[in-house]
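Q: I need the structure of the sequence given here:
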Amino acid sequence: MSEVNLSKRALSLEPSLTLQISAKAKKLSEEGKDICNLSAGEPDFDAPKEILNATSQAIFDGHTKYGPAAGDKELRKAIAKKLQIQNNLNVEFENVMVTNGAKQAIYNLFQVLLNDGDEVIIPAPYWLSYPQMVRLAGGKPIFLNSAPEDGFKINIQDLRSKISSKTKFIIINSPNNPTGRIMAKEELLQIAEVVREHKNINVLSDEIYELILKKEFRHLSLASLATDLKERIFIINGFAKGWAMTGWRVGYLVGKKEVIKASSALQSQSTSNVCSFVQRGALEALKINQEFFLKINSHYDLRREILYEGLRNIEGLVVHQPNGAFYAFPRLPNKSISSVDFCKKILNDYGLVIVPGKPFGDNQSFRISCATSKEKIIDGLSRLKKAVHNYYF
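A: Numbering: from 1, shown residues only. Below you'll find the predicted structure:
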């Protein structure tokens, strides 16, 4: 058999630690081990029935053919209207394109705007796919560290120090994966001021968790606070998290019309249109009333509070209170055990599945999810407390 010479792009990709741990957890479960999984990155409830019905009906109504690469115009118009009303943004449907999940929106954006050697500033902790997609587009990730003691706030002076003549993007993600943090208005305004000082810098604003918020919080889109920068702010969003439509794979990119046109051309030569009948389900999702989100968030608020209080009461852990999404990102007591080894060890010893912090940019922390039942969260916290005590004290 001849040797396979993989491309430099393929060789630059790091294997998924999350998938490795998930596979091990599945194997242990099949062998009869009692497993408590707190690694979920998706809601544990079904999408509303209206969405399910609209999606299935669309098949019988003939929405099964090829469609425009940028997405059905009706859905693009509905997304633009949502952005106008709910996010206070001045956009038209030509500023919107529909993608195969929010991940493809990010991938497309970097592919059409990054050149070899362009730098992208990524505040850490970060969603694990950002650096990989930057590298695949020929760019260079520049990491900006933050800490739970400071509420994971972006230090503006540190941000300024990371900027060079090659800086092309700053990424912001609020509510944040993996920390559950929500950026304050003052912080967003400070970032906008930095961007104003550098005419060649764009912002990628990942807002996929905008609908999963603690009761007293509200989501603010940077583009609504800095209208003079609208040509340089690109919004990433989708239907996966807020409507529990992860398997639908419907995301969207919002930005300058010329960039949307280029991104659509790229998509036409790669995946083409998002599944036609699935887009009808997304259209129906935008009609769901506010009561649905109030109900869902009441569940998340309770679970998030149980998770936070439980973590806070485990000796040695340092945790910042999450107010959005469905994660927390605690720091381990010391560096004697890496996050990867800790997660492997706690799976083997206690049957608890959590995600190492290393791929999120912090090898002394781990991500733990509350997208599950209260009983499972409490069970997981009990296992975690025993493990931390036995491993560190």
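Q: Next, the contact list for Lys185, please.
A: By C-beta atoms under 8 Å, 6 or more residues apart in numbering, Lys185 lies in contact with Leu220, Leu225. Backbone N, C-alpha and C define where each C-beta goes, glycine included.
Q: List phi and psi for it.
A: Backbone torsions of Lys185, given as degrees, to the nearest 10, read phi -60, psi -40.
Q: Would you map out the domains in the chain?
A: 9-46+291-386, 64-285 (automatic domain parsing).
Q: Tyr327 and Thr372 touch, don't they?
A: No. Using C-beta atoms under 8 Å, Tyr327 makes no contact with Thr372, being 11.8 Å away.
Q: Which one, of the domains of the chain, ends up nearest to Tyr392?
A: Tyr392 lies closest to domain 9-46+291-386 among the domains of the chain, at 4.6 Å (C-beta to C-beta).
Q: about what we covered before: please convert the domains of the chain to a markdown table, extending it with distance to Leu52 and mean pLDDT.
A: Putting the domains of the chain into a markdown table (distance: least, C-beta to C-beta, whole Å; pLDDT from 0 to 100) gives the following:
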| stretch | distance to Leu52 | mean pLDDT |
| --- | --- | --- |
| domain 9-46+291-386 | 7 | 94 |
| domain 64-285 | 7 | 97 |
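Q: Format those domains as CSV; extra columns: distance to Gln57.
A: Listed next are those as CSV, based on distance: least, C-beta to C-beta, whole Å:
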stretch, distance to Gln57
domain 9-46+291-386, 17
domain 64-285, 8
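Q: so which of these gets nearest Thr55?
A: Comparison of the domains of the chain against Thr55 by C-beta to C-beta identifies domain 64-285 as nearest, at 3.4 Å.
Q: chain center to that closest one: distance?
A: 10 Å (C-alpha atoms, centre = their mean, to the nearest Å).
Q: for the domains of the chain, which one sits closest to Asn53?
A: Of all the domains of the chain, domain 64-285 sits nearest to Asn53, with 7.9 Å by C-beta to C-beta.
Q: Next, the buried residues of stretch 289-302.
A: Ile296, Asn297, His299, Tyr300, Asp301 (16 or more other C-beta atoms under 10 Å).
Q: My read is that the fourth one contacts Pro322, right?
A: Spelled out, that is Tyr300. No. At 9.9 Å, Tyr300 does not count as touching Pro322 under the criterion of C-beta under 8 Å.
Q: The lengthiest helix in the chain: what's the following helix or strand?
A: As assigned by DSSP state H, the longest helix anywhere in the chain is helix 290-312. Next along the chain after helix 290-312, taking DSSP states H and E as the criterion, comes strand 327-328.
Q: For that following strand, which helices and strands make contact with it?
A: helix 290-312, strand 366-369 (3 or more C-beta pairs under 8 Å, 6 or more residues apart in numbering; DSSP states H and E).
Q: So what's the gap between the longest one and the chain middle?
A: Averaged C-alpha coordinates place helix 290-312 at 18 Å from its chain's average position (C-alpha atoms, centre = their mean).
Q: show me where the chain has strands.
A: Taking DSSP state E, the strands of the chain run over residues 36-37, 96-99, 119-123, 140-144, 167-173, 202-206, 233-238, 251-254, 327-328, 352-353, 355-356, 366-369.
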